[in-house]
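Asks: Turn this into a model:
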Amino acid sequence: MAEKVFIKNIEWDRIWISFFIEGLDETSNVFISNSKRTYSFSLKKGDAPDEYKLNITNPGDCKMLPTGIYELFYNSSDKELPGASYNINWNNPSIEVKTLSKQFIYFHNERAYRIQFTDKNGFKFKASDVQLKGQGTVKNLLSIIRRTKNNTAKTILRTIYNFDYLLFHRKLRGKDIHKIKEPRILLMSDQSEEMGSNMVALKNALIREGFSPEEALRAITTKHYSIFHWMKTLKKIAWADYIFLDDHSQTTDWLTIKGAVITQLWHAGAGFKSTGYSRFGMPASPAPKSGHRQYTYGIAGSKKIRHFFSEVWGINDEMVLPTGMPRLDEYLDENYIEETANRLLNGYPILCKPSSDSAKSVSTTSESWKDRKRDNIILFAPTYRGENKKHAYYPYDKLNLGTLYKLCEETDSVIIFKMHPFVEDPVPIPEEYKDRMIDLVKYPNINDLFYITDLLITDYSSNIYEFSLMRKPILFYAFDIDEYTETRGFHRDYRTNVPGKIVETFDDMIQAIEKKDFEYEKVEEYIDNNFEFTDTHACDRIIDWIIRGNLPEN
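Replies: Just a heads-up that it's a prediction; the model follows:
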């Protein structure tokens, strides 16, 4: 029986190993077990009938696959692990199995996580975490000194937090945290001193429901904070029963938070850019142990896509709740749409029809904003290039503004440029083009612009998530798709998942606009796959499911 079951191929997809196994039936369970049989995990079924997948950053317990030597087994799906089982061995003479090994470099290129395959004396693979040899340079020495200083500071801050926890954290003594009448809620960010849109929406909903959330907003990646500021923040963290984050928190990478339900309100609705653990081993990826592992919950727009989020955070699918994005509550509100659209048209006359009197002054009539706005408003809103905020840029040489301006004249269009906030260099719009081109990078909320936009041009940005709900065409100007795939990567296939046409040259982009060739039919399919709810109650679900503990059984 066992001889008829064998591994015929192994493939990598970033952090996933796919084992293609010949001879199994549908009732079989495939699992790995270490040499001491103290660690076993079932593999997930892949898309192909004979494919079984293992995520090395989270095989099922929200941790890296532990170091050790592993074998592949199978048994009946109703058997407990490891139980009665059979080995699965390699059988593909055309491929030398050891060539399929892979290394993931992390922590400033100083460490590597390795997966090494062998078929000597039976199929096995080894997971190891090793220190890489240093270069012995003065730069490395300075790095070690700086890191030692940082580690000392973190040790002091951990001690302060632990002391605060003993003093200020509410002792439940076996009580259900969801039964607390006045829960202590902290809205926290390490990325900005201003709240992101998801957190703002949740804050407003919490206040409406009678809660009194505290705030701890910092930008620790770009600013230095005093020890007194840190002490104040640590006290709030120790005090909290519930902590809501709106992005990666560097503090949670080194501080273990106790006694709190931690929820990630990440801004990306369904982006394609590979981030977090989905790009483990690439520049700026997290270490094997990071703050992501501390999440109790994350949120997503749909059960159909929550596995993308769990992969990013290194947690399990069931920990990602399909509440919908909080910012959509206001975004989809009809009164807010009308108020916002009118404010934009009153503030920027370039967006109004030239023949309309309302383009000259604030509208005081009952004229609809849809009748006032220009018929063809194009929003150009790509993501940034570069490793992070410090090095962010956009290659403006990929745009021929003269050709774009001519297109605007021919099609009676206006272009709004809304570059990513990380990009500091403004769009170089010549003065003579400003009757049809406007740079709104300083406008605070890109979602507001979607109401008046007729065509969105983007690339790899998550802004497609909200815009798709407007049911308008999207064009993807992906001139560097091969390079971006190699250096940044995607955690879902870009070419087959974007809700619109992909163009890879500027000329093709112009031609698509002229011909109105946007592959618009993909938009509705995208909405169906990415939204569990398209209502205005995402915040209500977060409060009810997470704070009040009324999670639906399914």
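
Asks: Now Ser192. Its backbone dihedrals?
Replies: phi -160, psi 150 (degrees, to the nearest 10).

Asks: same check, this time on Lys44
Replies: As for Lys44, its main-chain torsions (degrees, to the nearest 10) stand at phi -90, psi 150.

Asks: Glu51 versus that one, what's the distance?
Replies: Lys44 sits at a distance of 9 Å from Glu51 (criterion: CB to CB, to the nearest Å). Placement of C-beta: from N, CA and C, glycine included.

Asks: Likewise for Asp448?
Replies: As judged by CB to CB, Asp448 and Glu51 stand 44 Å apart.

Asks: what are the ranges of the strands in the stretch 301-450 of the chain?
Replies: 320-321, 377-380, 414-417, 437-439 (DSSP state E, counting those that start in this stretch).

Asks: swap that for the stretch 101-250 of the chain, please
Replies: Going by DSSP E, counting those that start in this stretch, the stretch 101-250 of the chain shows strands at 102-106, 111-118, 124-131, 185-189, 214-217, 242-245.

Asks: Give me the neighbour count for Arg327.
Replies: Residues lying near Arg327 (other CB atoms under 10 Å) number 24.

Asks: Check Lys126 too.
Replies: Lys126 - counted by other CB under 10 Å - has 15 other residues nearby.

Asks: Do you know the pLDDT at it?
Replies: What the model reports as pLDDT for Lys126 is 97.

Asks: on that earlier part again, distance to Asp544 added to the strands of the stretch 101-250 of the chain, as JSON lines?
Replies: JSON lines is the format used below for the strands of the stretch 101-250 of the chain (distance: least, CB to CB, whole Å):
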{"stretch": "strand 102-106", "distance to Asp544": "38"}
{"stretch": "strand 111-118", "distance to Asp544": "39"}
{"stretch": "strand 124-131", "distance to Asp544": "41"}
{"stretch": "strand 185-189", "distance to Asp544": "14"}
{"stretch": "strand 214-217", "distance to Asp544": "21"}
{"stretch": "strand 242-245", "distance to Asp544": "13"}
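
Asks: between those, which gets nearest to Thr487?
Replies: Ranking those by distance to Thr487, with CB to CB as the measure, places strand 102-106 first at 14.1 Å.

Asks: buried set for that closest one?
Replies: For strand 102-106, the neighbour count (16 or more other CB atoms under 10 Å) marks 104-106 as buried.

Asks: mind listing what it pairs with, with the direction of each?
Replies: strand 111-118 (antiparallel) (DSSP bridges).

Asks: Now tell me what touches the strand it pairs with from outside.
Replies: With CB atoms under 8 Å, 6 or more residues apart in numbering as the test, strand 111-118 has contacts from 10, 17, 56, 64, 90, 97-98, 100-106, 123-132, 280-281, 288.

Asks: Pull out the buried members of those.
Replies: Using 16+ other CB under 10 Å, the buried ones in the contacts of strand 111-118 are 10, 17, 56, 64, 90, 97, 100, 104-106, 123-125, 127, 280-281, 288.

Asks: if we can go back for a sec, output the strands of the stretch 301-450 of the chain as a markdown table; include the columns distance to Tyr465 and mean neighbour count.
Replies: What follows is those, written out as a markdown table (distance: least, CB to CB, whole Å; neighbours: other CB atoms under 10 Å):
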| stretch | distance to Tyr465 | mean neighbour count |
| --- | --- | --- |
| strand 320-321 | 15 | 23 |
| strand 377-380 | 14 | 22 |
| strand 414-417 | 19 | 24 |
| strand 437-439 | 23 | 19 |
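
Asks: where are the low-confidence patches of the protein?
Replies: 1-3, 77-84, 134-144, 269-272, 356-366, 491 (pLDDT under 70).

Asks: show me the biggest helix of it in terms of residues.
Replies: Identified as the longest helix of the chain according to DSSP state H is helix 138-168.

Asks: what about Trp230, distance to Arg218?
Replies: For Trp230, the distance to Arg218 - CB to CB - is 9 Å.

Asks: Spit out the residues that contact these two alike.
Replies: Counting by CB under 8 Å, 6+ apart, Trp230 and Arg218 have no shared contacts at all.
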